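Visitor: what follows is a predicted protein model with its sequence.
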Amino acid sequence: MNTRYIFVTGGVTSSLGKGIIAASLAKLLQARGLSVTIQKLDPYINIDPDTLNPYEHGECYVTDDGAVTDLDLGHYERFLSVPTSQANNVTTGRIYQNVINKERRGDYLGKTVQIIPHITDEIKRNIVALGNTKKFDVVITEIGGTVGDIESLPYVEAVRQLKWELGRDCACIHLTYVPYVAAAHELKTKPTQHSVKHLLQNGVQPDILVLRTEHKLDEGVKKKVALFCNVSKDSVIECMDAPTIYEVPLMMHEQQLDVVVMQHLGLPVDGEPVLDRWMSFLGKFKNPKKVVKIALVGKYVELPDAYKSILESFVHAGAANEVKVDVHLIQSEHVTKENVAEKLQDMKGILVAPGFGDRGIEGKILSVQYARENNIPFFGICLGMQCAVIEFARNVLGYEDAHSAEINPRSTHKVVDIMEDQKNITGMGHTMRLGAYPCEIKAGSLAEKIYGSNLISERHRHRYEFNNDFLAEYEQNGMVASGVNPDTKLVEIVEIPSHRFFIAGQFHPELKSTVVNPHKLFVAFVAAASAYDDETK
Ligand code: GLN
């Protein structure tokens, strides 16, 4: 069958959740037997979000092939359990870079290089390329930003052209907002009408409208929107706020979004989507047997999007354990020797978060120490593992000035250090150890028990590594390297066998946790926290 293309644009305002709508529709189509992928086109000039700080953009999501991408790709993978790649996230910066590289190579010799057709052709090439892999029946492309933004214009123009070229093989979904004006007791459709007019001015007639709203839309409202926007009433889909993003596929199915889309694309609709595992997750998620308090120690507490994948992994692992994980975000900058006990004593598990730079690092190291000395389940991720290594060096091996070369390059015990091949790198974008690497797991370790395997693959995004010069000393004193890269011998997992649960990884397991495949490390950590909770009741 021909690959079908679905475009998702947004109007009225940002933050309406285009990514969740795209992921929910994709889930429903997948549950009806289609192979689906989702792509995000981001209208900013950065080549990728690698150099953006979390305040700008939330978490950076990393794919197996080492692409640093928008956090929406995390939703795509969590919903679909299908890995994404660089092809799933393209920015304006990358589009221009490709076009300019071609120009310098002489590909356009004699021609003036312009937005139309050269930039729009490059955008179209990136969309169609995903379909050409023949791996997918449906490609859903989410256009970042809001219709009417200057930055989005070339993308909307590319959609216009593709709509024309693809004919029935493509559908346009426009997501808008219907505000409720309390003084008038009325839902207002005017912003939606205007945003569709904007699209029409750019030559794009949306086929389906999804209306975000905080109040139910009556038939009159839907009829009015249909009339003013040239879509059939069935194609006006209501999308109320949901208690959890994982309910949105069900809400969209209730509204028949999947059916309307498939009919529009000329795809046969028979039966119902098969969502058994999804429903079983939701059932457990909504009926937890108890609450388990877990501390997430990091420096971006006021910005939960910085830890998006970790928070979602706790949702998945909580459901797998039939408990609700109550995550307490602890500002590591405020953790001191004097108050660490007060802040952490009620916690049944302590996770030290990934991060960069020295802000809040001593609070993270103190949190590891508290978990280690008080036998509280501990889980360290990336910088969290490096903190565990530093803490052990300082308080067990007795190297008071032990540190990471990132934070204190003058330390005489750089237990976390930069690798030779990273030393001469001066640029900041895409220069870390990125993407999936294999990891060999030691027989008899906690890691082996958790993974049930001796060879795993996990995703990385960091520059510094455990310093193997100290490995023997660590192992003689009770911290073992239970996961090692088979090619480079870099330490990927450390654990303390005498502790009830103390494990840390140099990689980011949170990037691989999905609704139907919760990550084993998170599931085991939550199970350990839950058992510790029972014990301390
Ligand atoms: N800053 C550390 C490094 O670059 C850890 C990075 C992270 O936690 N993602 O190695």
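Guide: Perfect, thanks for sending it.

Visitor: how about the residues of the protein by the ligand?
Guide: Residues of the chain lying close to the ligand (CB under 6 Å from any ligand atom) are 354-356, 382-383, 406, 461-464. In short, each C-beta sits where N, CA and C put it, glycine included.

Visitor: who wins on neighbours among those residues?
Guide: L383 (28 neighbours; other CB atoms under 10 Å).

Visitor: residues touching the spatially closest residue to that one that is not a sequence neighbour, list them.
Guide: In this structure, L383 finds its nearest non-sequential neighbour in G355, 4.5 Å apart by CB to CB, 6 or more residues apart in numbering. For G355, the contact set (CB atoms under 8 Å, 6 or more residues apart in numbering) comprises 298-300, 364, 382-383.

Visitor: returning to what we had before: helices - which of the residues of the chain next to the ligand land there?
Guide: L383 (DSSP state H).

Visitor: and the residues of the chain next to the ligand as TSV, adding pLDDT and distance to Q205?
Guide: Formatted as TSV, these follow (pLDDT from 0 to 100; distance: CB to CB, whole Å):
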residue	pLDDT	distance to Q205
P354	96	44
G355	94	46
F356	92	45
C382	97	46
L383	97	49
E406	94	52
R461	95	41
H462	95	47
R463	93	48
Y464	95	52
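
Visitor: L34 and V138 touch, don't they?
Guide: Yes - applying CB atoms under 8 Å, one finds L34 in contact with V138, separated by 5.4 Å.

Visitor: just give me the neighbour total for K197.
Guide: So K197, with other CB under 10 Å, has 14 neighbours.

Visitor: could you do S35 as well?
Guide: Using other CB under 10 Å, S35 has 15 neighbouring residues.

Visitor: now it. Its backbone dihedrals?
Guide: phi -90, psi 130 (degrees, to the nearest 10).

Visitor: please name the residues that touch it.
Guide: By CB under 8 Å, 6+ apart, the neighbours of S35 are 82, 135-138.

Visitor: for PyMOL, what selects the buried ones among those?
Guide: Listed next is the PyMOL selection for buried residues among the contacts of S35, using 16 or more other CB atoms under 10 Å:
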select buried, resi 82+136+137+138
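
Visitor: quick one: which of the contacts of S35 has the lowest pLDDT value?
Guide: Ranked by pLDDT, the contacts of S35 bottom out at K135, which has 88.

Visitor: need the helices for the stretch 351-500 of the chain, in chain order.
Guide: Ranges of helices in the stretch 351-500 of the chain, per DSSP state H, counting those that start in this stretch, are 361-373, 383-395, 446-451, 471-476.

Visitor: now the phi/psi pair for T426, please.
Guide: phi -110, psi -30.

Visitor: read off the pLDDT value for the closest residue in space to S313 that isn't next to it in sequence.
Guide: With CB to CB, 6+ apart as the criterion, S313 has its nearest non-adjacent residue at 3.9 Å, and that residue is S513. Reported pLDDT at S513 in the predicted model: 98.

Visitor: OK, contacts around S513?
Guide: For S513, the contacting residues are 78, 309, 312-313, 316-317, 519, 522, by CB under 8 Å, 6+ apart.

Visitor: what is the least confident helix or strand in this structure?
Guide: Ranked by mean pLDDT, DSSP states H and E, the helix or strand of the chain with the weakest confidence is helix 54-57, at a mean of 84.

Visitor: tell me which helix or strand comes right after it.
Guide: Next in sequence after helix 54-57, counting helices and strands by DSSP states H and E, comes strand 61-62.

Visitor: neighbouring strands for the following helix or strand past that next one, and are they parallel or not?
Guide: Following strand 61-62 in sequence order, the next helix or strand is strand 68-69 (DSSP H and E). Paired strands of strand 68-69, with direction, are strand 61-62 (antiparallel) (DSSP bridges).

Visitor: what are the buried residues along the longest helix seen in the chain?
Guide: Secondary structure of the chain per DSSP H: the longest helix is helix 520-535. Residues of helix 520-535 classed as buried by neighbour count (16+ other CB under 10 Å): 520-533.

Visitor: tell me which residues of stretch 165-179 come out buried.
Guide: Buried residues in stretch 165-179, defined by neighbour count with 16+ other CB under 10 Å: 166, 169-179.

Visitor: actually stretch 135-151, not the one I typed
Guide: For stretch 135-151, burial by neighbour count (16+ other CB under 10 Å) applies to 136-148.

Visitor: return the distance of D218 relative to the ligand.
Guide: 49 Å (CB to the nearest ligand atom, to the nearest Å).

Visitor: also S14?
Guide: 27 Å.

Visitor: tell me the predicted confidence for that residue.
Guide: 83.

Visitor: who's in contact with the nearest residue to it once chain neighbours are set aside?
Guide: Spatially, and ignoring its direct neighbours in sequence, S14 is nearest to T146 (5.4 Å; CB to CB, 6+ apart). Taking CB under 8 Å, 6+ apart, we find T146 in contact with 10-14, 152.
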